[in-house]
Structures are given as C-alpha cells and as structure tokens.
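S.K.: one predicted model, sequence on top.
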Amino acid sequence: MDVQLLGAGARAVSLREGLQWSERLSKETSSVLDAYTARLADLQLAVAPVTQRTQALQAARTNIRKARERAEEVLGHVDTARQVEAKILAGPQHDFGGFLRALQRLEAAIAFLSQHRSLATAEAALGSATALRGDALRLALEDFTATLRAHASGAASAVAAPGSESAASSPSRGRDTPLAGSDAGIEGEGEALPGAAAARLRSLAEAMLRNSEPACFKVYCEVRRGVAERAVADLVTAAPAGEDPARVPWPALEARIQAWILALRRLVRAAVAEHRAAAAVWPAPHDEAAFSEVIARPLAAAAQAGALIVAARRAPEKVFGLLDMQEHLEAAAGPLSRVLAGTACARMLGDMVALAAALRAEARATLGEFEATIARDAPRGPPPDGTVHPLAAYTLSFLKRMFGYEAAVETLFGAPADEAAALAALRAGGAAARRTGGAGGEAGEREAVRAAVCHILEVLLANLTAKARVYKDRALAALFLMNNVHYMVRAVEGSEALRIVGAPWLEAHRDLVEQAGEQYQALAWGPLQALLAEPPGGRAMDKAGVKARWRDVNAALGVLHESQSAWTIPDAALRANMKDALLDDVLPLYEVFVEQYSAAPGSKEKYVKYTPAELRAAVQSDLFEMRDDARALHAAASLKRRTSAA
C-alpha cells in the first residue's frame, strides 16, 4: 500500500514538471513570432513604394499594348483594300476559298471604317474598300451566273425520267397503259444541281446577300425558270391565237392530251428538283421565294393548257383522254402539295383542284355525247353480209376501255358527296380513294353504273334495229340482228365490268338472239322447207310435174347458196350452231324429196343438182363464212361516214 502511494506521487511530480516546461516553450515561441511580425511590417513599409511603381509600370504597358493593337487594327482596316485587291480581282475562278475570305475581310473593314469616319484616313480608305467590294460582287455575280448556266443545259433532261415519254406519248388504253402515279414514279430521281455546284452557289449567294446584292436572286430565278419552262415548253401545246376550241379535230386534241400528260409528269419532276435546288442554294426565307418565282409560270401554263383541253369539242374518245388526265392529275397532287405548301404558289393547288372538277364535269358530259352519237348514227348502209356492225363493236370496245380506267367509276358515276370528298382529298395532296373491283363499289354507285350501261346498250340496240330495217331482205335483217345482239351478249359476258348489267339482261338478250335466229331461218329457209314438204299429187309425178318440182327446188337451192355464201356469222360457235340447225331441219326433208322424185326415169341424171351429201358439204363449207372483201369494203365506207360526221 505504501509502495503504490509512493509511485503515484512520483508520477504527479513528473507531470507537473512537464507542464511547466511546455508553458515556458510556448512563451518563447510567442515572443519569436512577435519579433518576426514586427520585422515583416517593417519590410512591408520598405517595399510599398516599389510595389506602387511596379503597378504603374504594368498599367502603362497595358495601355501601350492596347494603343498599339488599336493602331494596328486601324491601319489593318485602312490597308485591307490594298492587301486583298489582288485576290479579289483574280476572281472566284482562280481561288474560290481565298476569294471568299478576302471578301469577308473587306466586309469587316468597311463595317469598321463606317463606324470610325472621324479618323483622318477613314473616309478615303472607306471609298477604296467600297469600290473594291463592288468589283468583288460583280465578279461573284458573274461566277454565280456562269455556274447556273453551266448546269442549266442538262437540267431539263434530268427531270424527265427514262421511259416517261414512251408511257405518255402514245394514246392511253385504260389498264393496258401503266399509270406511273406513285410518288416515287412521278417524282423520279432528277437532280437540278449537282452537290458541288449547289455548294458553290450557296457560298456566293450568302456573300452577295450579306452585301445587299439583289441581282443574284433575279439571275437565279431567270435561269432556273428557263430550265423549268424548257422542260415543258415543247409539250404543253398552246392553242393558236384565235382558234375555236370547238373546232379542234380529235386527232389534234388527242395529241394535245398526251402532250399535257407528259408535260405534267415532267413539271412535277421539275418542281421537286427545283424545290431541292432552291433549298440547297438559298437560306430561308429566300429559298421559298426563289422556288415560287421559278415554278409559278410553268404551273400556270399547265393549268391553262388543261383548261383549253376541257373546253375543246366533245368527241366520244375524249372521255379517255379526260380520264387519263384525271388519273395523272391525282397522282401529281401528292408531290406538288408537298413542295408548294407554304409558298406563294400554294394557291395554284386550288387551280389544279378546279381543273380536276372541270375534268370530271366534262368527262360526264362527253359520256352523254357518246350516247347521243350512238343514237344519231345514220341507219343507212348496214353491212351487206349481215355481220357485226362497226357501231356495235365500237360501242362495246368503248365501254370496256372506259371501265379499264381506275378513275372511271368514281369520276363518271360518283355521287356529289363522293365527288366533293375526292376534290377535298386532292386539295390536301392525296389521290381520291378508288374502289377496286372493276365497276363494283357501293350499292348506289353500282346501280348508277348498271343503269348507265343498260341505257347505252338499249340505245345501241335501238339503233341496230333501225339499221336492220334498211335491209330489203328480211332474212338478212334477222341475221344482222342475231349477229349483233349475240356480239353484245358475248362482250358483256367477257367483261367483269359490263357484267354489272345483271343476269336478267343477259337472259333477255340471249332470247333475242334465239328469236332472231329462228326468224332468219323461217324467212330464208322456210320457203324451201315448204317446197320440199309439199306432197306430190295429181300430175306431180309425170314427167312435166317432176321437171317443174326439180326446177323450183334447184332454183331455190341456187338462190340460197349464192346469197347465204355471201352472208356472214362471225362467231364460230354461233355459225356452227346455225349450220347444224339448218341441216337438222332441211336435210331430212331434202333427202325425202330426192327419194320421192328421183324414181322417175332419167330424173336423177337430169334434175338432181345437189345430192344430199353435196348439200351437207355446201352448208358446212360455204354458208356464213366470213368474207374479208365485203367486210373491208363496208368498214371503209363506215369509217368514211364517221370521219365526215366528226
């Protein structure tokens, strides 16, 4: 216990001594720091004058540097015209990038000198720089114009897609002629300006616009407008001065329609290409203004040419051209609306919509004129062989070709509400929705198509009936009606679009064919059948009576063979059926007659002109065969009459 107390006391004494030593050390350190602080204060007082002089020298040096820089800037701007004169006068052809950089330096010098006219040399230097800038802008404009013209010669061909001329230069044939109406097909891949040329033109245009040089915009519009107009100038056929549209003959009008279609296709390609070119050359808003200036006149020319076609005379075939124009116009609506939207030419979409409405109205009126043409076709001069009349062939061919157009049903038979919707879609840049399936569609539209087709066929049948009355031989008249009504039935059966007339119509007209055939057979062969069926009586079997009966029968057979060999049934199946019917009705009677009247002595050798086998062969080989000479003669005469009427 005592030992522990002694150890604790020793540690306490040691701790007290350490604290005392630490206190002494702190006091000594504090006194040293105070001494250093006093010395630093003295040093600061001694250095202060030197610091003040140094700061003054530094401020003076900064002012001198700024003054020198200012002087160099002034001298640089004053001397800029002399420094860049050689580079600028060499023109952009020598060093395009160097020319533009020199022009930018000159612009900066003019801006600086304009703000510092108070300087002694500023006015003279400004005059020199301004004059040199005028030379630079003149050279830039010359290069701008030369570059534009260098790429204008081949630009018109660039907007014409390969094959577009062949697609539109021949008369359209409904679905047989492919309509390149898709955006890809009609827009093509034409490029108005190559990338390098467009970049060069843009640099020059930006430089001239910065310097308020408006001539470049005017030059661009003139050159590019000329390119766009050349692309369609030889295709949009303007009417000669003073020409009466109602007197334009159909061949000339057809050529104008095909030229207009090709012009429209080229114009769309030109519009798309020029829109790209304007965007590549000009910054906004100059790009839209330049494009509008370039494309406005060609668009107006196309719309005017279309209106002249609409106003031309109503030949029946014109409806095909109008439908063709309608389909191509709707195909062009999409790409045109995309490039014209937001430009000054956007209003021209309204002109195109108005043209589409006029095309619809004129197409319907032309179809009505076609019906009237059928009704007015003169009844004189029917085919001498009783074959199918060219009017029947023309009418059915016309209808089948008409329904081959995708636009036919909606354009010619659509309800007013559908027409309004189609025109609204066209205004919005989309083609009208078409109803696939030939002449199908909604119930109301189908009924309109059915009624129209039935009416046209009724008018045709009435005209053919009137033509049949012209024949002096009633049997030939019946054969003529049989051929033509059968042709109508076969044409309707073979066309998906025309079958819309319905089964009752077909059945009724098949009955007409049968009735006409029976009438022909009764009128032409009835007298012979009666003669053959007449029973012998009294003196009929004596020599004189036998001779008289053979004379009458042979004469009738000779007349029938001569006439029926000149008559025609063009349809092979109908011809075979008619021959079979004649052989079934006539040959048994003739065989009985020959058997009865050949019993008299010498009668077979003297009076039998045709054996039953020869009669069969004559019917099968000679009757109703097509005679090209008679048909060609009648076709030529009919064509002459139709041409004179047109």
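M.R.: Received, thanks. Residues are numbered from 1 along each chain as shown.

S.K.: what ranges do the helices span in the stretch 501-646 of the chain?
M.R.: 503-533, 543-566, 572-597, 603-607, 612-622, 628-645 (DSSP state H, counting those that start in this stretch).

S.K.: distance to residue 486 and mean pLDDT added to those helices, as JSON lines?
M.R.: C-beta here means a position set from N, CA and C on the backbone, and glycine is covered the same way. Formatted as JSON lines, the helices of the stretch 501-646 of the chain follow (distance: least, CB to CB, whole Å; pLDDT from 0 to 100):
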{"stretch": "helix 503-533", "distance to residue 486": "5", "mean pLDDT": "93"}
{"stretch": "helix 543-566", "distance to residue 486": "17", "mean pLDDT": "85"}
{"stretch": "helix 572-597", "distance to residue 486": "5", "mean pLDDT": "89"}
{"stretch": "helix 603-607", "distance to residue 486": "38", "mean pLDDT": "64"}
{"stretch": "helix 612-622", "distance to residue 486": "20", "mean pLDDT": "88"}
{"stretch": "helix 628-645", "distance to residue 486": "17", "mean pLDDT": "44"}
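
S.K.: so can I have CSV of those showing distance to residue 201 and mean neighbour count?
M.R.: Below are the helices of the stretch 501-646 of the chain laid out as CSV (distance: least, CB to CB, whole Å; neighbours: other CB atoms under 10 Å):
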stretch, distance to residue 201, mean neighbour count
helix 503-533, 66, 16
helix 543-566, 77, 16
helix 572-597, 70, 16
helix 603-607, 102, 14
helix 612-622, 80, 15
helix 628-645, 55, 13
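
S.K.: just the pLDDT for residue 473.
M.R.: Looking at residue 473, its pLDDT is 93.

S.K.: quick one: residues contacting residue 392.
M.R.: By CB atoms under 8 Å, 6 or more residues apart in numbering, residue 392 lies in contact with 460, 464, 484, 487-488.

S.K.: among those, who's most crowded?
M.R.: residue 484 (29 neighbours; other CB atoms under 10 Å).

S.K.: in which helix or strand does it reside?
M.R.: helix 474-493 (DSSP states H and E).

S.K.: could you list the domains of this protein?
M.R.: Residue ranges of the domains in the chain are recorded as 2-72, 81-150, 151-162+180-376, 449-645, according to automatic domain parsing.

S.K.: could you verify my assumption that residue 597 touches residue 548?
M.R.: No: if you go by CB atoms under 8 Å, residue 597 and residue 548 don't touch, sitting 10.4 Å apart.

S.K.: show me where the stretch 301-450 of the chain dips below the pLDDT cut-off.
M.R.: By pLDDT under 70, the weakly predicted segments of the stretch 301-450 of the chain are 416-442.

S.K.: which stretches of it form strands?
M.R.: Applying DSSP state E, counting those that start in this stretch to the stretch 301-450 of the chain gives no strands.

S.K.: helices along that one, start to end?
M.R.: So, for the stretch 301-450 of the chain - with DSSP H, counting those that start in this stretch - the helices run 318-340, 348-376, 390-403, 408-413, 416-427, 443-468.

S.K.: would JSON lines of the ones you listed with distance to residue 624 be doable?
M.R.: Conversion of the helices of the stretch 301-450 of the chain to JSON lines gives the following (distance: least, CB to CB, whole Å):
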{"stretch": "helix 318-340", "distance to residue 624": "34"}
{"stretch": "helix 348-376", "distance to residue 624": "27"}
{"stretch": "helix 390-403", "distance to residue 624": "18"}
{"stretch": "helix 408-413", "distance to residue 624": "36"}
{"stretch": "helix 416-427", "distance to residue 624": "48"}
{"stretch": "helix 443-468", "distance to residue 624": "17"}
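
S.K.: right, and these - which one's nearest residue 606?
M.R.: Among the helices of the stretch 301-450 of the chain, helix 443-468 comes nearest to residue 606, with 40.9 Å by CB to CB.

S.K.: chain center to the closest one, what's the gap?
M.R.: 32 Å (CA atoms, centre = their mean, to the nearest Å).

S.K.: over to stretch 527-535?
M.R.: 68 Å.

S.K.: which residue is nearest the middle of this structure?
M.R.: Central residue of the chain (CA atoms, centre = their mean): residue 328, 3.2 Å from the mean position.

S.K.: what's the spacing between that one and residue 355?
M.R.: According to CB to CB, to the nearest Å, residue 328 stands 11 Å off from residue 355.

S.K.: same check, this time on residue 245
M.R.: Taken as CB to CB, the span from residue 245 to residue 355 is 15 Å.

S.K.: who's more crowded, those two?
M.R.: residue 355 (22 against 14).

S.K.: that one touches residue 306, doesn't it?
M.R.: Yes: at 4.8 Å, residue 355 and residue 306 qualify as touching, with contact defined as CB under 8 Å.

S.K.: shared neighbours, the two?
M.R.: By CB under 8 Å, 6+ apart, the residues touching both residue 355 and residue 306 are residue 329.

S.K.: could you give me the buried positions within stretch 51-64?
M.R.: Using 16 or more other CB atoms under 10 Å as the burial criterion, none of the residues of stretch 51-64 qualify.

S.K.: gap between that stretch and the chain center?
M.R.: With CA atoms, centre = their mean, you get 80 Å for stretch 51-64.

S.K.: picking up where we left off before, winner for burial among the domains of the chain?
M.R.: domain 151-162+180-376 (a mean of 19; mean count of other CB atoms under 10 Å).

S.K.: what about stretch 130-144, average pLDDT?
M.R.: Mean predicted confidence for stretch 130-144 is 87.

S.K.: give the contact list for the residue lying closest to residue 351 once chain neighbours are set aside.
M.R.: Distances taken as CB to CB, 6 or more residues apart in numbering place residue 303 nearest to residue 351, at 4.5 Å, with adjacent residues excluded. Neighbour list for residue 303: 348, 351-352, 355 [criterion: CB under 8 Å, 6+ apart].

S.K.: now residue 24: how far from residue 31?
M.R.: From residue 24 over to residue 31 (counting by CB to CB), the distance is 11 Å.

S.K.: the closest residue to residue 344 other than its chain neighbours and residue 607, how far apart?
M.R.: With sequence-adjacent residues excluded and distances taken as CB to CB, 6+ apart, residue 344 is closest to residue 292, at 4.0 Å. Distance, residue 292 to residue 607, using CB to CB: 95 Å.

S.K.: same deal with residue 245?
M.R.: 71 Å.

S.K.: pLDDT of the longest helix belonging to the chain, averaged?
M.R.: Secondary structure of the chain per DSSP state H: the longest helix is helix 2-78. Summarised as a single mean, pLDDT over helix 2-78 is 73.

S.K.: heads up, I number from 4, so please use that
M.R.: New numbering, starting at 4: the last item is helix 5-81.

S.K.: helices or strands next to it in the packing?
M.R.: Judged by 3 or more CB pairs under 8 Å, 6 or more residues apart in numbering; DSSP states H and E, the packing partners of helix 5-81 are helix 99-118, helix 125-153.

S.K.: looking at the ones you listed, which is closest to residue 571?
M.R.: helix 125-153 (66.6 Å).

S.K.: make a markdown table out of the domains of the chain and add distance to residue 397.
M.R.: What follows is these, written out as a markdown table (distance: least, CB to CB, whole Å):
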| stretch | distance to residue 397 |
| --- | --- |
| domain 5-75 | 92 |
| domain 84-153 | 52 |
| domain 154-165+183-379 | 9 |
| domain 452-648 | 8 |
